[in-house]
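Participant: I need the structure of the sequence given here:
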Amino acid sequence: MNPVVRGMLAVIGGILIAFVLIVVVQTIGTRIYPPPPMDRANIDSIKAVMAQIPLASLLFVVLSYAAGSVAGGWVAARFAPRDKMAHAMTVGGLLFLLGIVNLMSLPHPTWFWVASSATYWLGAWSGARAAGA
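Facilitator: Below you'll find the model as predicted:
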């Protein structure tokens, strides 16, 4: 297979695996810590709920980002034809950019900005290292 195509597929596969794990872990988190009722069409309602979310619930979200980033980085590095770390970090970078969009669209505590932003990069790097990069 063409190395460029294989590299693109490695990154796409890493992103897909990351999304699946993020959704699975966040689903578990919302079952353990269900969010209060809110009007999802009303930003004021969302802001009020975000202010009430317990710390453990937010930690589940960070855990989901970590699980997704590690797995996504591992997949990208494992299947990349060369420059395995670069492919894994591409996954981490894309997850980081999507995370910034999420952070800007909903109010989050400052610690969550720092923790989630670092998690994407550290997770992808850890996944790449686990894959032998």
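Participant: contacting residues around the residue nearest in space to the middle of the chain?
Facilitator: Geometric centre of the chain, nearest residue: Y65, 3.4 Å, by CA atoms, centre = their mean. By CB atoms under 8 Å, 6 or more residues apart in numbering, the contact list for Y65 reads 22, 95, 99, 116, 119-120, 123. For the C-beta atoms, the positions are set from N, CA and C on the backbone; glycine is no exception.
Participant: If any of these are buried, put those into a PyMOL selection.
Facilitator: Selection of buried members from these for PyMOL, criterion 16 or more other CB atoms under 10 Å:
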select buried, resi 22+95+99+116+119+120+123
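Participant: Can you give the contact residues for the lowest-mean-pLDDT helix or strand in the chain?
Facilitator: Least confident helix or strand, the chain: helix 43-52 with a mean of 81, by mean pLDDT, DSSP states H and E. Identification of contacts with helix 43-52 by CB under 8 Å, 6+ apart yields 35-36, 38-40, 106-108.
Participant: pull the longest helix from this structure.
Facilitator: When the chain is parsed with DSSP state H, its longest helix is helix 3-32.
Participant: quick revisit: tell me the secondary structure at the residue nearest to the centre of the chain.
Facilitator: Secondary structure assignment for Y65 (DSSP: H, G, I helix; E, B strand; the rest coil): helix.
Participant: Okay then, goodbye and thanks.
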